[in-house]
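# Next comes the sequence, and after it the predicted model I'd like to discuss.
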Amino acid sequence: MSNWQTKVASALSRGIGSETPVQWRLDRKGVQTGWCRLPEPMDILPAAQALAELQGRLSMVTAYLTAAAKLRGVREIAYHFDLDGTTLTLTCELPLQGAQVPSITPIFRNADWNEREFMEIYDIQVTGHPDPRRLFLDASIEPAAFERLIPYSTFSNGANSKALWDKVMAGSPGETAPGVASTASPGSAEPGEVTTCGLVPSAPGAAPQENPLKETP
Amino acid sequence: MSTRTITLGPSQLALEEPMYFKVQVAGDVVVGLDVIAGQVHRGMEHLVMKRNLYQNITLLERLCSLCSNSHPSTFCSAVEEVAGICIPPRAEYLRAVADEIKRISSHLFNCAVVAHIIGQGSLFQRAMEVREIMQDTKEFIYGNRMDLAANCIGGVRNDLAPESAGYLRDQMERMKAPLDELLCSFETDPAVLGRTEGVGVLTRRHAIDFAVVGPVARACGIDYDVRRKSPYGAYDRLRVSVAVETGGDVRARALVRLREAREAVSLVGQCLAEMPGGPVWADTLPEIPAGEAIAKSEAPRGELIYYLNTDGSDLPARLKWRVPSYMNWDALKVMLQGEKVANIPLIVNSIDPCISCTDR
């Protein structure tokens, strides 16, 4: 058993309070990776604290919702830590609905962006995050973007020259886009009507509409 | 003194990609920073789950131009790890050659940008001229000046013919003196020192707290390089000397990069001298089974990590990667604290930020 195997086993059992098996692999170059499934999502907090005491570094956090996990009725988050060249992955299982994990940003400062990122692409809440704002996605985009079916044509509105041109021209009073037969003036679309950009305007003060394309978990 | 917030975009920051900063200033001194990311978010982590493992090699190479070889090579390593594919030794050396060539070009580009920002026009010109030797090299050997298309699952796509190896050896010889000369300028030229020494300081303690990697970490005295700590490919046989500085400032970061460029020339030389013969890709590839793997590499900006989760199909169930710039952005909050507003572009560029990599 290598030095890290002993240290990690003892740190995790001290932190979590129970024996947590870690599966270790050694590649052809002698580089070690450890794989551990935490009993409960809340265990990530004491486990992270234990690894911080070993001078570990948080490398990355991966949230995912694979078809296999979905069949088991769960989603997962993998926290990857670096221990001086050895990578240890701690995986937690979370429910499909109402998934919550505690923030480890108070322990590893660089967890900040990782947690903000997975909060906006998956339906997972991070409790105790010091700054839970959107990171990459605009606030107007519905949450859990990776869990929705979004047609490519909607994604690529900006990449389609005609759609973009129509959108630009729709904002210029008195002008119409070449080749566009409609004479509707900007803002004349009725609530619920689909505009040239494929957007459905809401009535003033109306609640945001449910995305009809949203996938059910 | 009262504070106000100014918003800086890519043109004010001398960046070629879009990243916005909300900077809190008191007079002309920075007292706070908020980084606004996401302008080039392309949903690439979603796209890779809709493409098969082969298509992803091509897609990932287009994630970023400066470290474009690191992404496909690290991704291929992850696939090979999941499937237990052992790539031929010659392919390991050829992957190292491609990575080191890209490292030299990337580092020289950043040093040129730093020279440009501090008003050293001739130094900028010289750095770009020297880099042009590397651009020619890439074009001659790979057919492209940026994306090399060198990697495939199980090895590399093309062997290095004897005449190409000879050309590469000559080009590396041509790099040695100019790189030493550039290092000397950044190390001793009073005009350069005056603008880079003691500017944008990140202490070792802060570097550990923010978990920065690559030249930004090594400029703070952190002796960490994936090629040494978690050797991959041919790096378990190559003698890698890790450049470390202790100043933690703009100067230290530039010196680390130039020393690494010089070291990369030596590594390419080692590869050419020690590379065995034989095939450059695995003859037969197995089915990619269900599994998960981690692959890491030392990209020009530091540790690049990939996580691959497969389900036995030819599409990744999940593919996630974290680029070195990801943590380096946040550390700017410390580097910029107390600095003059005029120094912001210099300090921001001294972390050699990659925005298309960060946003994905």
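On my side now, so go ahead.
# In the longest helix along chain A, which residues are buried?
For chain A, the helix with the greatest residue count under DSSP state H is helix A:3-16. Burial within helix A:3-16, assessed by neighbour count using 16 or more other Cβ atoms under 10 Å in any protein chain shown, is assigned to A:4, A:7-9, A:11-12, A:15-16. Quick note: C-beta positions are derived from backbone N, CA and C, even for glycine.
# ok, so of those residues, who is nearest residue B:164?
Nearest to residue B:164 out of those is residue A:4 (Cβ to Cβ; 41.8 Å).
# Alongside chain B, which residues does chain A contribute?
A:27-31, A:33, A:35, A:57-60, A:62, A:64, A:66-68, A:78, A:80, A:82, A:84-87, A:89, A:108-110, A:112-114, A:121, A:134-138, A:145-146, A:155 (Cβ under 8 Å from any Cβ of the partner chain).
# so of the residues you listed, which ones are in strands?
A:33, A:35, A:57-60, A:62, A:64, A:78, A:80, A:82, A:86-87, A:89 (DSSP state E).
# biggest separation within the residues you listed, which pair?
It's A:64 and A:86 that sit farthest apart of those, by Cβ to Cβ, at 22.5 Å.
# so what's residue A:138 scoring on pLDDT?
Looking at residue A:138, its pLDDT stands at 75.
# Nearest residue to it in space, please, no chain neighbours.
Once flanking residues are discounted, residue A:138 sits nearest to residue B:38: 7.1 Å by Cβ to Cβ, 6 or more residues apart in numbering or on different chains.
# State the number of residues packed around that neighbour.
Applying other Cβ atoms under 10 Å in any protein chain shown, we find 20 residues neighbouring residue B:38.
# secondary structure element for it?
Secondary structure from DSSP states H and E places residue B:38 outside every helix and strand.
# contacting residues around the spatially closest residue to residue A:31 that is not a sequence neighbour?
Using Cβ to Cβ, 6+ apart and skipping residues adjacent in sequence, the residue nearest residue A:31 is residue B:230, 4.6 Å away. Residues near residue B:230 by Cβ atoms under 8 Å, 6 or more residues apart in numbering or on different chains: A:29, A:31, A:85-87, B:296.
# likewise residue B:252?
Counting by Cβ under 8 Å, 6+ apart, residue B:252 touches B:219-220, B:245-246.
# Give me the PyMOL select line for those, limited to the buried ones.
The PyMOL command for the buried members of the contacts of residue B:252 (criterion: 16+ other Cβ under 10 Å) is given here:
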select buried, chain B and resi 219+220+245
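# Closest to chain A out of the contacts of residue B:252?
residue B:220 (13.8 Å; Cβ to the nearest Cβ).
# Local confidence estimate at residue 183?
Defaulting to chain A. 35.
# that's the other chain; I wanted chain B
pLDDT at residue B:183 comes out at 96.
# Just to check, it is in contact with residue B:256?
No - using Cβ atoms under 8 Å, residue B:183 makes no contact with residue B:256, being 10.5 Å away.
# Please say which of these two ends up with more neighbours.
residue B:256 (23 against 18).
# how close does that one get to chain A?
Residue B:256 sits 19 Å away from chain A, taking Cβ to the nearest Cβ, to the nearest Å as the criterion.
# again with residue B:113
Counting by Cβ to the nearest Cβ, the gap from residue B:113 to chain A is 24 Å.
# ditto for residue B:26
Counting by Cβ to the nearest Cβ, the gap from residue B:26 to chain A is 22 Å.
# Determine the number of other residues adjacent to that residue.
The number of residues packed near residue B:26 is 13, by other Cβ under 10 Å.
# could you list every residue that touches it?
With Cβ under 8 Å, 6+ apart, residue B:26 has these contacts: B:1-3.
# Could you dump the residues you listed into JSON lines and include neighbour count and secondary structure?
As requested, these are exported to JSON lines (neighbours: other Cβ atoms under 10 Å in any protein chain shown; DSSP: H, G, I helix; E, B strand; the rest coil):
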{"residue": "B:1", "neighbour count": "7", "secondary structure": "coil"}
{"residue": "B:2", "neighbour count": "5", "secondary structure": "coil"}
{"residue": "B:3", "neighbour count": "12", "secondary structure": "coil"}
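# so which of those residues comes closest to residue B:314?
residue B:3 (54.5 Å).
# gap between the residue lying closest to that closest one once chain neighbours are set aside and residue A:146?
The shortest distance from residue B:3 to any non-neighbouring residue, by Cβ to Cβ, 6+ apart, is to residue B:26 (4.8 Å). Distance, residue B:26 to residue A:146, by Cβ to Cβ, to the nearest Å: 41 Å.
# can you pull the buried residues of stretch B:182-193?
Quick answer for stretch B:182-193 (16+ other Cβ under 10 Å): B:182-183, B:185-186, B:192.
# Just checking the distance from that stretch to the centre of its chain.
Per Cα atoms, centre = their mean, to the nearest Å, the displacement of stretch B:182-193 from the mean C-alpha position of its chain is 23 Å.
# end to end, how far does that stretch reach?
End-to-end distance for stretch B:182-193: 13 Å, by Cα to Cα, to the nearest Å.
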